[in-house]
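Asker: Curious how this folds, go ahead:
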Amino acid sequence: MPTDSFSTTSDSPIAPAQDCFNIIPDDNGELAKVTKALYIGTGGDVVVRASRADTDVVFRNVPSGYILDIRASAVRANGTTATDLIGLA
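Answerer: Below is the predicted model of the structure:
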């Protein structure tokens, strides 16, 4: 295992992600972890539920390769046209 010079520092929402995971949009489920951001591999619309929100919102025309800074608890299939989504946590 490589040495991590920052292993004893505390994590925060603005610190770099310490984990990443593939996201499969789901109309009913939540993500396993709340994200710090979403990486949009192939651009399009992204329907998300923010971690403290009660409703979903649509981010329209998010470009490929963009990092969307949002603490998301869910990414919905209905309305999401972007693909290759990665959660940064």
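Asker: Next up, the contacts around the residue nearest to residue 21 when sequence neighbours are not counted.
Answerer: Leaving out its chain neighbours, the residue that sits closest to residue 21 by CB to CB, 6 or more residues apart in numbering is residue 87, at 5.0 Å. Every C-beta, even on glycine, is put in place using the N, C-alpha and C of the backbone. Applying CB atoms under 8 Å, 6 or more residues apart in numbering, we find residue 87 in contact with 20-23, 31, 33, 35, 38-39, 72.
Asker: Narrow these to those that are buried.
Answerer: 23, 31, 35, 38-39, 72 (16 or more other CB atoms under 10 Å).
Asker: what's the closest of the residues you listed to residue 61?
Answerer: Within the buried ones among the contacts of residue 87, the smallest distance to residue 61 is 14.7 Å, found for residue 38 (CB to CB).
Asker: quick one: which helix or strand includes the residue nearest to residue 21?
Answerer: According to DSSP states H and E, residue 87 maps onto strand 83-88.
Asker: Touching stretch 63-74 from outside, list them.
Answerer: Residues contacting stretch 63-74 (CB under 8 Å, 6+ apart): 13, 26, 29-31, 34-43, 46, 48-52, 56, 59, 62, 87-88.
Asker: Buried among these? Make that a PyMOL selection.
Answerer: Selection of buried members from those for PyMOL, criterion 16+ other CB under 10 Å:
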select buried, resi 31+34+35+36+37+38+39+40+43+46+48+49+50+56+59+62+87+88
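Asker: Sitting in helices, which of the contacts of stretch 63-74 do you find?
Answerer: Using DSSP state H, no member of the contacts of stretch 63-74 falls within helices.
Asker: Just the ones in strands from the contacts of stretch 63-74, please.
Answerer: With strands taken from DSSP state E, the overlap with the contacts of stretch 63-74 comprises 37-42, 46, 48-50, 56, 59, 62, 87-88.
Asker: State the distance spanning the first to the last residue of stretch 21-33.
Answerer: End-to-end distance for stretch 21-33: 9 Å, by CA to CA, to the nearest Å.
Asker: ditto for stretch 24-38
Answerer: End-to-end distance for stretch 24-38, by CA to CA: 12 Å.
Asker: Cool, thanks, signing off.
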